[in-house]
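> need coordinates for the below:
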Amino acid sequence: MTLEERIQRLEDIQAIERLTYDYAAYCDDNYNPDGIASLFTEDGSWIVDGEGGTNHGRAEIKAHFTELSKHISWAIHNVLNTRTDLSDDGKTATTYSYLLCLCTIGEDAVILTLNYTNKFAKQADGSWLFTELSGSTHQVSNWDQGWVKQQFR
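Predicted structure coming up:
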C-alpha cells in the first residue's frame, strides 16, 4: 500500500469510531430518535436481543427510539475495546466491541452489558454509516441486585 492508502485506511477507521461514539452520544441524549436514525443507511438494521428488538430502515429505527425514550429516562453508554476490521477495498467495515451501560428504566437503576458486532458502508461522499448495529446481551440487572443475583430483568 502507498502511504496515501495507508493514511486513508486510518482516517476511515477513525471516522467509523467517531460514528460509534456519535451513536452512544445520541443514546445518552434521551435516545435522540432523529440523531440515531441519521447514522444508518436507508435500509440499515438495528438488532439487539434481550430488551432491544429488531428494526429495519430509518423509519423503524426512529420509531423504536421514540418509544424507548419513554421507558429509559437516563443512560450513559460506554463502548469499550473496539476492534475495527476494514475490508481490503475500503468500502465496508465491521467492528467488535463491548457495551457497559448504566441507565434508569422506570424507577430502577440498571446496569447492562452486551457485545456489539456492527457493520458499516462508506458512502459516495466518503462518509460512513451503519448498515447494521447488532448487540448480544450478556445481562441486564438492577444495580442493587447486581448481575450475580439477577442476570436478566
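> which non-adjacent residue is nearest Ser69?
Tyr31 (4.1 Å; C-beta to C-beta, 6 or more residues apart in numbering). Any C-beta I mention is one placed from the backbone N, CA and C, and that applies to glycine too.
> which stretches of this protein form strands?
According to DSSP state E, the chain carries its strands in the segments 40-48, 53-56, 72-86, 92-105, 108-122, 128-142.
> out of those strands, which comes closest to His64?
His64 lies closest to strand 53-56 among the strands of the chain, at 4.7 Å (C-beta to C-beta).
> got the CA coordinates for that closest one in CSV?
Extracted as CSV, the C-alpha positions of strand 53-56 are listed here (Å, rounded to 0.1, in the frame of the first residue of the first chain):
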residue,chain,number,x,y,z
GLY,A,53,-35.6,-5.5,19.3
THR,A,54,-35.2,-5.8,15.5
ASN,A,55,-35.7,-2.7,13.4
HIS,A,56,-35.1,-2.3,9.7
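> so who does Tyr26 touch?
The contact partners of Tyr26, taken as C-beta atoms under 8 Å, 6 or more residues apart in numbering, are 32, 35-36, 39.
> which of these tops the neighbour count?
Taking other C-beta atoms under 10 Å as the neighbour criterion, Ile36 ranks highest of those with 25 neighbours.
> tell me the contacts of that one?
By C-beta under 8 Å, 6+ apart, the contact set of Ile36 is 23, 26-27, 61-62, 65.
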